[in-house]
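Novice: From the sequence below, what's the structure:
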Amino acid sequence: MEAVNLIIVVDQTRENVLMCKRRKDPYKGLYNFVGGKREKGETPLMAAYRELYEESGFTSDDLSLIHLMNFTYLVDECVVEVFLGFLQTDKQPYGDENELLWMKRSENFFDDRFAGEGNIGHMMKHVEFYEKKK
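Specialist: Numbering: from 1, shown residues only. A predicted model of the protein is given here:
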């Protein structure tokens, strides 16, 4: 089964979340979190930090990731591993794979501008649940 990751990055103020505008399918032209495929021999966390760095320039010095949830798509034989991190620095993201931007957490992430048929909204609700439990 193929494994891919999505990384939810919340800024220092906790008011914004890092999004990318996808330049290729799936979901070309829609907003999504940064992430990508896990490579052979990588743990889920290793893959998340590698993809995070490749797509945004952020490292474990900038934020600590927690494994928030997984989505398993049996028909597509794919698991999406979702990670969450809160920036501890004021460093800005950079990368050329997709356009990067900060979006207010008050956005309607269930809107059809976002990838995943509502999953982005679902994940953002779980970010709120996580923060309330902390």
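Novice: Okay, now the sheet partners of the host helix or strand of G36, with direction.
Specialist: Element membership for G36 (DSSP states H and E) is strand 34-37. Strand 34-37 has its sheet partners listed here by DSSP bridges as strand 2-10 (antiparallel).
Novice: So which other helices or strands are in contact with the host helix or strand of Y53?
Specialist: For Y53, the element it lies in under DSSP H and E is helix 44-56. The contact analysis (3 or more C-beta pairs under 8 Å, 6 or more residues apart in numbering; DSSP states H and E) places helix 44-56 against strand 2-10, strand 34-37, strand 65-73, strand 78-86. In this view, the C-beta of every residue, glycine as well, is placed from N, C-alpha and C.
Novice: what comes into contact with it?
Specialist: With contact meaning C-beta atoms under 8 Å, 6 or more residues apart in numbering, helix 44-56 is reached by 3, 5, 7, 9, 18, 20, 34-39, 42, 58-60, 65, 67, 81, 83, 85, 93-95, 97-98, 100.
Novice: From those residues, list just the buried residues.
Specialist: 5, 7, 9, 18, 20, 34-36, 38, 42, 58, 65, 81, 83, 85, 93, 95, 98, 100 (16 or more other C-beta atoms under 10 Å).
Novice: Would you format the helices and strands packed on helix 44-56 as TSV with mean pLDDT and distance to E51 included?
Specialist: Below are the helices and strands packed on helix 44-56 laid out as TSV (pLDDT from 0 to 100; distance: least, C-beta to C-beta, whole Å):
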stretch	mean pLDDT	distance to E51
strand 2-10	98	6
strand 34-37	97	4
strand 65-73	97	11
strand 78-86	97	9
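Novice: Adding distance to R50, write those out as TSV.
Specialist: Shown next, in TSV, are these (distance: least, C-beta to C-beta, whole Å):
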stretch	distance to R50
strand 2-10	9
strand 34-37	8
strand 65-73	11
strand 78-86	12
